[in-house]
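Trainee: Kindly return the folded structure for what I paste below:
(one chain, ligands or ions: 1)
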Amino acid sequence: MSDSPIIQTQFLSKRYGAFQALDSLSIDVPAGSVMGILGPNGAGKSTAIRILLGFLRPSSGSAQVAGYDCWKSSVEVRRRVSYLPGELRLYENMTGQQLLDFLGNVRGLRNPVREQHLARQFDIQLNRPLTQLSSGMKRKIALLLVLSPDVPIIILDEPTNTLDPTMRDALLDQLQEAKKRGQTIVFSSHVLSEVETLCDEVAILKSGRLMHRQQMEVLRSRRRIEVQFAVPPKRELPGLTWESVTPQGLYIGEYLGEIGQLFAYLALESTTDLQIRPVGLRRIYHQFHPASVLDA
Ligand SMILES: Nc1ncnc2c1ncn2[C@@H]1O[C@H](COP(=O)(O)OP(=O)(O)OP(=O)(O)O)[C@@H](O)[C@H]1O
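Mentor: Residues are numbered from 1 along each chain as shown. Down below sits the predicted model:
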């Protein structure tokens, strides 16, 4: 992963008539990293993504991909990006293989070995006409089309929609592989768990505005802890903050620091029980979207 951004937006705004769908969004995505865009329905995720692809013109502000302005040089941008739209429109009269051949020849960035590998991993029957396939099967073919070419950037709009749990896991594995190959990935989602496992950074949107950016590495080093002490602790530990104590003497708090130091501290106190887990994205997300219901 490099520090130089391969995707950037500056004060990006989009109005549909009088409605402000995106409001001064400024983000940057380092080359080789994975960025998750999170937010409830209508937060502006697809709008932002469609501006990045050059399908929508910003009302104000600007966006660049690989140094190219997304609106003025959209052909250059799309040459470098593999894109999965939220709503699929495939050529239904073709088989999966015919579609691969057709689009592959148009774009010219095919990787036949990866195509076959993905077809096996996703359990895709490439010889059946798309009209005979379920919506989930069509989505698998679309994912194969997006993940197989040798492009530096992959942008996916809610990629796990309509996928069964097995396929969802297979997709997350393949996105990890793409990251290992050095591809930059941006994807939108409602599902916290998949964002949590895959992303280096998360942008939380609300009503078109960027509410929060979260480096996942920082989040992973924060832990929720619950400790039962026989008697109240006598010492303090840097990085450990107690938030509440129950009448039964259960101390609840957060710890940011070396785990060995925490254990050494607890060993010196009258610890009788302990629960420890990462803070998790859910806690951060709900600061901005308290009413949203998302999975664990
Ligand atoms: N063409 C359009 N004309 C008018 N309003 C639009 C148009 N496209 C999107 N919007 C509005 O802009 C807002 C942002 O929509 P967008 O599709 O970007 O949200 P989203 O975060 O992708 O939502 P979802 O999770 O439901 O896909 C919504 O309120 C939507 O109704």
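
Trainee: Let me see the mean pLDDT of whichever strand or helix holds L210.
Mentor: Element membership for L210 (DSSP states H and E) is strand 209-215. Regarding strand 209-215, the rounded mean pLDDT is 95.

Trainee: Give me the nearest residue to the residue in the stretch 51-200 of the chain positioned nearest to the ligand, chain neighbours excluded.
Mentor: Nearest to the ligand in the stretch 51-200 of the chain, going by Cβ to the nearest ligand atom, is G86, at a distance of 5.7 Å. All C-beta atoms are positioned from the backbone trio N, CA, C, and that covers glycine. In space, and not counting its chain neighbours, G86 is closest to D157: 3.9 Å by Cβ to Cβ, 6 or more residues apart in numbering.

Trainee: How about the backbone phi and psi for the one you found?
Mentor: Dihedral angles of D157 (phi, psi; degrees, to the nearest 10) stand at phi -100, psi 110.

Trainee: How about residues contacting the helix or strand hosting Y255?
Mentor: Here Y255, judged by DSSP H and E, is contained in strand 250-256. By Cβ atoms under 8 Å, 6 or more residues apart in numbering, the surrounding residues in contact with strand 250-256 are 221-229, 233, 237, 239-246, 262, 276, 279.

Trainee: and the residues you listed, which of them are in strands?
Mentor: 222-229, 240-245, 276 (DSSP state E).

Trainee: what does the helix ranked longest in the chain contact?
Mentor: Longest helix of the chain, by residue count under DSSP state H: helix 165-180. Residues outside helix 165-180 that contact it (Cβ under 8 Å, 6+ apart) are 32-34, 118, 121-122, 136, 140, 143, 147, 154, 159-160, 163, 185, 187, 194, 197-198.

Trainee: Contact residues of the stretch 51-200 of the chain facing the ligand?
Mentor: Contact residues, the stretch 51-200 of the chain versus the ligand (Cβ under 6 Å from any ligand atom): G86.

Trainee: rerun that using 8 Å as the cut-off
Mentor: 86, 157-158, 188, 190 (Cβ under 8 Å from any ligand atom).

Trainee: picking up where we left off before, identify the neighbouring strands of the strand holding Y255 in the sheet and state each direction.
Mentor: Sheet pairing here is set by DSSP bridges, and for strand 250-256 it gives strand 222-229 (antiparallel), strand 240-245 (antiparallel).

Trainee: Figure out how far it is from the centre of its chain.
Mentor: Computed by Cα atoms, centre = their mean, to the nearest Å, the chain-centroid distance of strand 250-256 equals 28 Å.

Trainee: what pLDDT, on average, does that strand get?
Mentor: Strand 250-256 carries an average pLDDT of 95.

Trainee: just stretch 135-146 next, same as before
Mentor: Averaged across stretch 135-146, pLDDT comes to 89.

Trainee: Also stretch 264-283?
Mentor: 92.

Trainee: Quote the end-to-end distance of it.
Mentor: Stretch 264-283 has an end-to-end distance of 27 Å (Cα to Cα, to the nearest Å).

Trainee: Can you verify my assumption that the residue nearest to G86 contacts V186?
Mentor: No - if you go by Cβ atoms under 8 Å, D157 and V186 don't touch, sitting 9.5 Å apart.
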